[in-house]
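S.K.: need a 3D model of the sequence below.
(one chain, ligands or ions: 2)
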Amino acid sequence: MSKKVAVLMGGSSAEREVSLETGAAVATALRELGNEVVEIDVTPSLPLDLAEVKPDVVFPALHGRGGEDGTVQGLLEIMRIPYAGSGVLASAAALDKVVTKDLLDYHGIPVADHVVLESGCDADREILVATERLSLPVMVKPASEGSSIGVARVDSAEELAPVLDQVFMHDSRALVERFIDGKLLTVGLIGPEPMILPVLHIKPKVGFYDYKAKYQPGMTEYEVPAAIPDRLAERTQELSLDSFRLLGCDDMSRVDLILEDGTDRLFVLEINTLPGMTATSLVPKAAAAAGLSFTDVVAEIMDGARLKINLAE
Ligand SMILES: Nc1ncnc2c1ncn2[C@@H]1O[C@H](COP(=O)(O)OP(=O)(O)O)[C@@H](O)[C@H]1O
Ligand SMILES: [Mg+2]
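M.R.: Residues are numbered from 1 along each chain as shown. Ligands and ions are numbered 1, 2, ... in the order given. Model (predicted):
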């Protein structure tokens, strides 16, 4: 059934450029599926734009704050416009890595040991506590950014203070996490069930999966399905589905995990409720391994959104 779909993209987050690409790719797929599509670059006049366009359903192709964090979802709820993807609470919880980890940890899902530092804290003392508790190296990240923005590996205590200063330019809280040496895995979940896609192994050629490794062609190799024993692949998918359900995600998400070398222990790093959705993004790559085209992925996500349209009607 053809619908008028508004694709929300761009916005003012640090991930604006990626979002514009996701939005364009999703809009093309939605048109291929026979929908009428209106692309909206998100600005403070979004409520007016939506009131004018009057979409049947919205596809938020936004990453990071002001779109992946529940704020746009809240506006859509107030305007009674059905939308694809997670609701207000799951979106807000998943964008905050500290909240995500606390929730998962509380429910027995393994997460890397961590310390949270607040901007304005007694950095010297806190750094000492963090490095003693976690031992070096550590990963430092802003509590709520994506695309590896502000994420750094720190190998010595002296490096930590300047890295924290950087993080506090993006965020009021920094997550200092035990560095886990292992394989970076990711699992896409799409559609109303949801459908769990094959495990994808991300292999950055140098260092960790930073912004450059994510978006510069040739910097990273991808293996899907990951060449890991079936038992571990199943466990990876199980933990991903459990995390998706615990946070209350809907329609689409991508869960990042690390499989520790030597121990085979799995740790959930984070959940992306609006994962990148360009033709070369990870969810479409994993979907291709399961025989699904990019358009199939978007159709599957819209299937979940359609259920909400029925509820709204
Ligand atoms: N605890 C950790 N140990 C080892 N590598 C990590 C750890 N946390 C993050 N990384 C690396 O940093 C990347 C980005 O971290 P992630 O938590 O996924 O944040 P983002 O939202 O920026 O993607 C990961 O894909 C991984 O390569
Ligand atoms: Mg990630």
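S.K.: tell me the helix or strand right after the strand or helix carrying Val5.
M.R.: Here Val5 is covered by strand 4-9, with elements defined by DSSP states H and E. Downstream of strand 4-9, the next assigned helix or strand under DSSP H and E is helix 16-32.
S.K.: may I see the buried residues of that following helix?
M.R.: Buried residues in helix 16-32, defined by neighbour count with 16 or more other CB atoms under 10 Å: 16, 18-23, 25-30. For the C-beta atoms, the positions are set from N, CA and C on the backbone; glycine is no exception.
S.K.: what does the protein have sitting close to ligand 1?
M.R.: Selection of the chain residues close to ligand 1 by CB under 6 Å from any ligand atom yields 112, 139, 141, 146-148, 151, 177-180, 184, 208-209, 256, 258, 269-270.
S.K.: in the protein, which ranges drop under the pLDDT threshold?
M.R.: Applying pLDDT under 70 to the chain flags residues 1, 146, 307, 309-313.
S.K.: what is the neighbour count of the closest residue to ligand 1 within it?
M.R.: Using CB to the nearest ligand atom, the single residue of the chain nearest to ligand 1 is Tyr209, 3.4 Å away. By other CB atoms under 10 Å, 17 other residues sit near Tyr209.
S.K.: what's the separation between it and Asp264?
M.R.: Tyr209 is 20 Å from Asp264, where distance means CB to CB, to the nearest Å.
S.K.: what's the answer for Arg153, then?
M.R.: Distance from Arg153 to Asp264, by CB to CB: 22 Å.
S.K.: now swap in Val297 and tell me
M.R.: In this view, Val297 and Asp264 are 30 Å apart by CB to CB.
S.K.: Ala157 now?
M.R.: 30 Å.
S.K.: just want the most central residue of this protein.
M.R.: In the chain, the C-alpha nearest the mean C-alpha coordinate belongs to Asn272, at 1.7 Å (CA atoms, centre = their mean).
S.K.: how far does stretch 29-44 stretch from start to finish?
M.R.: For stretch 29-44, the separation between the terminal residues is 27 Å (CA to CA, to the nearest Å).
S.K.: got it, and stretch 132-150?
M.R.: End-to-end distance for stretch 132-150, by CA to CA: 23 Å.
S.K.: residues of it that come out buried?
M.R.: Neighbour-count burial for stretch 132-150 [16+ other CB under 10 Å]: 134, 136-150.
S.K.: Asp171: which of these is nearest?
M.R.: Closest approach between the buried residues of stretch 132-150 and Asp171, by CB to CB: Pro142, at 3.5 Å.
S.K.: Ser240: helix or strand, and which one exactly?
M.R.: Going by DSSP H and E, Ser240 is in helix 230-247.
S.K.: what does that helix contact?
M.R.: Outside helix 230-247, the residues within contact range by CB atoms under 8 Å, 6 or more residues apart in numbering are 86, 90, 93-94, 100, 103-104, 107, 109-110, 185, 187, 189, 194, 196, 198-199, 225-226, 228, 253, 255, 257, 259, 264, 266, 268, 271.
S.K.: what subset of the residues you listed is buried?
M.R.: Among the contacts of helix 230-247, those that count as buried by neighbour count (16+ other CB under 10 Å) are 86, 90, 93-94, 100, 103-104, 109, 185, 187, 189, 194, 196, 198-199, 226, 228, 253, 255, 257, 259, 266, 268, 271.
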